[in-house]
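Trainee: any chance you can model this:
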Amino acid sequence: MSVSDMFIALQGVLTADQDIREEIRKVVQALEQTAREILTLLQGVHQGAGFQDIPKKCQKAREHFGTVRTQLESLKTKFPTDQYYRFHEHWRFVLQRLVFLAAFVVYLESETLVTREAVAEILGIEADRERGFHLDIEDYLSGVLTLASELARLAVNSVTAGDYSRPLRISTFINELDSGFRLLNLKNDSLRKRYDGLKYDVKKIEEVVYDLSIRGLNKEATVEPTLKYHNVSSALSCTWTTREFLSLAVHCSVHSYLQGSGAEVKLRTDFVGFFFFIFSFDRFHQVKQERYGGVYNY
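Mentor: Residues are numbered from 1 along each chain as shown. Got it, this is the predicted structure:
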């Protein structure tokens, strides 16, 4: 065989491979469009009225997953069954997005973590790689990590909608999820980088729960604040004991800290809080002297 014949044969192989990839891209584009429709539907839960329509939105989302199953069945026929990982890069990201959407639907319905087998059933594919087109473990874990970020956002929007108990339940769920991921020995790859972002989701949700607790909006919190005053002028117009005054100082310091972030804000808050304490304590003694003639109730 001449050199020209060899390269002509190689070109035939390359052309066949490009044709397969083009067919896969067409199906993947349809999958991405369906995934966007499901995501748009589920984004409604972040709105105030969306919390009341969660069952309906989940039901509609499951109907869209019927279309996903049909499209994945078509995708299976576009390449040889033994070459899954050769073309895996084409549908990896959309499959991770679909895992996230399926996990989000299951969480909204039951507030539990969906299993890999359950996701594979929802998508109409296999969980075992030996049986053909399957759900890769890393794709499943990446979708679950995306769910954590979405729940962090849901915790904040729950407070806006007046649902103060949901952030606490989300916090419990995310902490359990974080504990589960800590059991995995993840290498320095894309999944590890995604996992590193989970700690920020945990921190964000914990801040929401803590803020609800100190403001007395979370009835399930173990610490109930007793301070009833939220500004200095109204507080100083009342008859106080030393214990009440110290409670105000602590409340104002925490509240000021929550309005900012980082070391610079904390330093500024401590500095301002120190002088506020000196000024207000002096004013406290003046009020006591004016009202009780120097008799103090500590």
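Trainee: look up phi and psi at P80.
Mentor: When read as degrees, to the nearest 10, the backbone of P80 gives phi -60, psi 140.
Trainee: the one 5 residues further on now?
Mentor: Backbone geometry at Y85, expressed as degrees, to the nearest 10, gives phi -80, psi -10.
Trainee: going forward, count from 87.
Mentor: Sure, I'll start counting at 87 from here, so that last one is Y171.
Trainee: residues touching it, list them.
Mentor: Going by Cβ atoms under 8 Å, 6 or more residues apart in numbering, Y171 touches no other residue. For the C-beta atoms, the positions are set from N, CA and C on the backbone; glycine is no exception.
Trainee: if we use 10 Å, what do you get?
Mentor: 178, 215, 222 (Cβ atoms under 10 Å, 6 or more residues apart in numbering).
Trainee: please indicate which of the residues you listed are buried?
Mentor: Among the contacts of Y171, those classed as buried by 16 or more other Cβ atoms under 10 Å are 178, 222.
Trainee: looking at the contacts of Y171, which are in helices?
Mentor: Of the contacts of Y171, the ones assigned to helices by DSSP state H are R178.
Trainee: now render the contacts of Y171 as CSV, adding distance to V114 and pLDDT.
Mentor: Below are the contacts of Y171 laid out as CSV (distance: Cβ to Cβ, whole Å; pLDDT from 0 to 100):
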residue, distance to V114, pLDDT
R178, 10, 95
R215, 20, 88
D222, 15, 94
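Trainee: between the contacts of Y171, which is nearest D264?
Mentor: D222 (22.0 Å; Cβ to Cβ).
Trainee: I'd say that closest one and Q182 touch.
Mentor: Yes: the pair formed by D222 and Q182 meets the contact definition of Cβ atoms under 10 Å, at 9.2 Å.
Trainee: shared neighbours, those two?
Mentor: Residues touching both D222 and Q182 (Cβ under 10 Å, 6+ apart) are S228.
Trainee: got the buried residues for the helix or strand harbouring L181?
Mentor: Assigned by DSSP states H and E, L181 belongs to helix 174-196. Across helix 174-196, burial judged by 16+ other Cβ under 10 Å covers 176-178, 180-194.
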